[in-house]
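Student: quick one, what's the 3D model for this:
(one chain, ligands or ions: 2)
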Amino acid sequence: MSERPLLNRRLAGLGTTIFAEMSALATATGSINLGQGFPDTDGPREIAEAAARAVLTGHGNQYPPGPGIPELRQAVAEHQQRFHGLTYDPDTEVLVTAGATEAIAATLLALLEPGDEVIALEPFYDSYAACIAMAGAVRVPLTLRAPSFRPDLDELRALVTPRTRLLLLNTPHNPTGTVLHPDELRAIAELAVERDLLVVTDEVYEHLVFSGAHHPIAALPGMRERTVTISSAGKTFSFTGWKVGWVTAVPALVSAVRTAKQYLTYVSAGPFQYAVAEALRLPDAYFDSFRADLRRKRDLLCDGLSAAGFTVFRPEGTYFITTDITPLGEKDGLEFCRALPGRCGVVAIPNVVFYDDTEAGRSLVRFTFCKRDDVLEEAVARLSRL
Ligand code: PMP
Ligand code: GLN
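Tutor: Ligands and ions are numbered 1, 2, ... in the order given. Reported below is the predicted structural model:
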């Protein structure tokens, strides 16, 4: 074999995702896993039954249509109208994907030329860095800094160059829990219009906003034609393994994304698409009680982590809490998270892996609260022994 590395240069350094590493550590050590964001209670029984029914009645067992089954595209369009007042044509402006992850990959692979610059909120969700790299593009971080984790809009303006093609947003933001406020979104939208930038917005936590509201940037003036909005069923309906996601955008953007998507998975999750179409039409009571339940869990874990000595940045949205471990006499989140299972049987995620500016994230650690109350309480009891 030649000396040439097998993994290409674009992917060099990406290694194993932190979520896989930390979930494997949780399994190996029998620890409570407050790392990877997946609930320990499945979503609504009737939606699980709808999936089972689809399999048993032969709905989606063979390749579904490339853009997604019509029932789901219609349900996505209705959902965007019902919750956000956004009108999308289910036939030309909605594309079903294998989770938000494929939507992100297909969108970035479709829209970027090698060398294009992508401005993204740092810390970045890990697949952003990987997909920007696979597209041969260059990531340019707009760092959200503790304690507020708000974007500095003057800094954003200064980051735009003639090579900037796209702004990659995530609101509610994983891992900080920041929810972009209307004035911030307006400023970002104005900049996008002025500099003729595309905007890709990852809104998978759209139903987990605890203070204020979720505002889709696609609703702002001049944004519909330049925005790709991404979401998925995993978080909203607590079925993260089903991997049903979607893109909404104008036909030209959807068509570009579909071109890439066709050659990634072509299609996926046939029977689950039928179930998610039903889930999106659940009454408001489902969405309200889901959010209320998670708000209570957020407060339970925030209070517990504070009492255990962490600096807690109470999130406005998502199901993650970012903490600072400095008050515990710790400096290095990665070391801390690798040692934590051995010290007290809990797994968390070191935020530093989501940063280029590693100093900004070194002492930050993320915990998820999408777990049963007794699990959160036991985790807090263990962490308070630190
Ligand atoms: N974006 C963000 C911000 C996430 O936290 C996640 C994890 N759910 C994803 C995308 C991936 O979503 P999916 O599981 O639907 O691929
Ligand atoms: N989105 C989940 C998280 O942030 C993880 C999903 C994954 O493992 N790719 O924890």
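Student: use CA for all of it now, contacts and neighbours both
Tutor: Will do.
Student: tell me, how many residues neighbour D293?
Tutor: When neighbours are counted by other CA atoms under 10 Å, D293 registers 12.
Student: which outside residues touch the helix or strand where it lies?
Tutor: Using DSSP states H and E, D293 maps to helix 284-307. In this structure, residues lying in contact with helix 284-307 by CA atoms under 8 Å, 6 or more residues apart in numbering are 207-210, 236, 311-312, 314, 319, 321, 369-370, 373, 376-377, 380, 383-384.
Student: which residues of this protein fall in helices?
Tutor: With helices called from DSSP state H, the chain shows them at 18-29, 45-56, 70-84, 99-111, 126-134, 153-159, 182-194, 233-237, 251-262, 270-280, 284-307, 333-344, 358-361, 373-383.
Student: do you know how far the residue nearest to H207 when sequence neighbours are not counted is from ligand 1?
Tutor: Leaving aside its sequence neighbours, H207 sits nearest to T236 (CA to CA, 6 or more residues apart in numbering; 6.3 Å). According to CA to the nearest ligand atom, to the nearest Å, T236 and ligand 1 sit 10 Å apart.
Student: measure T236 to E203 for me?
Tutor: The gap separating T236 from E203 is 11 Å, by CA to CA, to the nearest Å.
Student: cool, R226 as well?
Tutor: Counting by CA to CA - R226 and E203 are separated by 16 Å.
Student: who's in contact with V76?
Tutor: V76 neighbours (CA under 8 Å, 6+ apart): 90, 94, 246, 277, 280.
Student: show me the contacts for the residue nearest to H207.
Tutor: 204-208, 287.
Student: pLDDT on stretch 340-359, on average?
Tutor: Here stretch 340-359 scores 96 as its mean pLDDT.
Student: same thing with stretch 111-130?
Tutor: Looking at stretch 111-130 alone, the average pLDDT works out to 96.
Student: hmm, who's touching it?
Tutor: So stretch 111-130 is in contact with 11, 14, 17, 101, 104-105, 132, 135-144, 151, 159-160, 163-170, 174-176, 256-257, 351-356, 361, going by CA under 8 Å, 6+ apart.
Student: end-to-end on that stretch?
Tutor: Per CA to CA, stretch 111-130 runs 15 Å from first to last residue.
Student: and that stretch, does that touch ligand 2?
Tutor: No - Stretch 111-130 does not reach ligand 2 (CA under 6 Å from any ligand atom); its nearest approach is 6.8 Å.
Student: buried residues in that stretch?
Tutor: Residues 111-112, 116-130 are the ones in stretch 111-130 that count as buried (16 or more other CA atoms under 10 Å).
Student: tell me the contacts of the closest residue to ligand 1 within the stretch 101-250 of the chain?
Tutor: Residue nearest to ligand 1 within the stretch 101-250 of the chain: T101 (3.7 Å; CA to the nearest ligand atom). Taking CA under 8 Å, 6+ apart, we find T101 in contact with 127, 245.
Student: tabulate the contacts of T236 (a markdown table), appending distance to G85, neighbour count and pLDDT.
Tutor: Formatted as a markdown table, those follow (distance: CA to CA, whole Å; neighbours: other CA atoms under 10 Å; pLDDT from 0 to 100):
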| residue | distance to G85 | neighbour count | pLDDT |
| --- | --- | --- | --- |
| V204 | 17 | 25 | 98 |
| Y205 | 18 | 24 | 98 |
| E206 | 14 | 23 | 98 |
| H207 | 15 | 20 | 98 |
| L208 | 18 | 26 | 98 |
| F287 | 17 | 16 | 98 |
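Student: which of those lies closest to ligand 2?
Tutor: The closest of those to ligand 2 turns out to be V204 (CA to the nearest ligand atom; 9.0 Å).
Student: what pairs with the spatially closest residue to that closest one that is not a sequence neighbour across the strands?
Tutor: Nearest in space to V204, with sequence neighbours left out and distances taken as CA to CA, 6+ apart, is S231 at 4.4 Å. With DSSP bridges as the criterion, S231 is bridged to W246.
Student: tell me how far T171 lies from T368.
Tutor: The gap separating T171 from T368 is 17 Å, by CA to CA.
Student: and if you look at V209?
Tutor: Going from V209 to T368 by CA to CA gives 15 Å.
Student: tell me the residues of this protein that contact ligand 2?
Tutor: Within the chain, the positions lying close to ligand 2 (CA under 6 Å from any ligand atom) are 19, 36-37.
Student: buried only: go through the residues you listed for me.
Tutor: 36-37.
Student: picking up where we left off before, buried among the contacts of helix 284-307? Need that as a selection in ChimeraX.
Tutor: This is the ChimeraX syntax for the buried subset of these, where burial follows 16+ other CA under 10 Å:
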select :207,208,209,210,236,311,312,314,319,321,369,370,376,377,380,383,384
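Student: R9 and ligand 2: what is the separation?
Tutor: 22 Å.
Student: which residues of the stretch 151-300 of the chain lie near ligand 1?
Tutor: Residues of the stretch 151-300 of the chain lying near ligand 1 by CA under 6 Å from any ligand atom: 174, 202, 204, 232, 234, 240, 243, 245.
Student: do that again at 8 Å, thanks
Tutor: Residues of the stretch 151-300 of the chain lying close to ligand 1 by CA under 8 Å from any ligand atom are 170-175, 202-205, 231-235, 240-241, 243-245.
Student: mark which of the residues you listed are buried, thanks.
Tutor: For these, buried by 16+ other CA under 10 Å: 170-175, 202-205, 231-235, 240, 243-245.
Student: thinking again about what came up before, just the contacts of stretch 111-130: which are in strands?
Tutor: 138-143, 164-170 (DSSP state E).
Student: pretty sure I325 is touching F367, no?
Tutor: No - contact criterion CA atoms under 8 Å: I325 and F367 do not qualify, at 11.9 Å.
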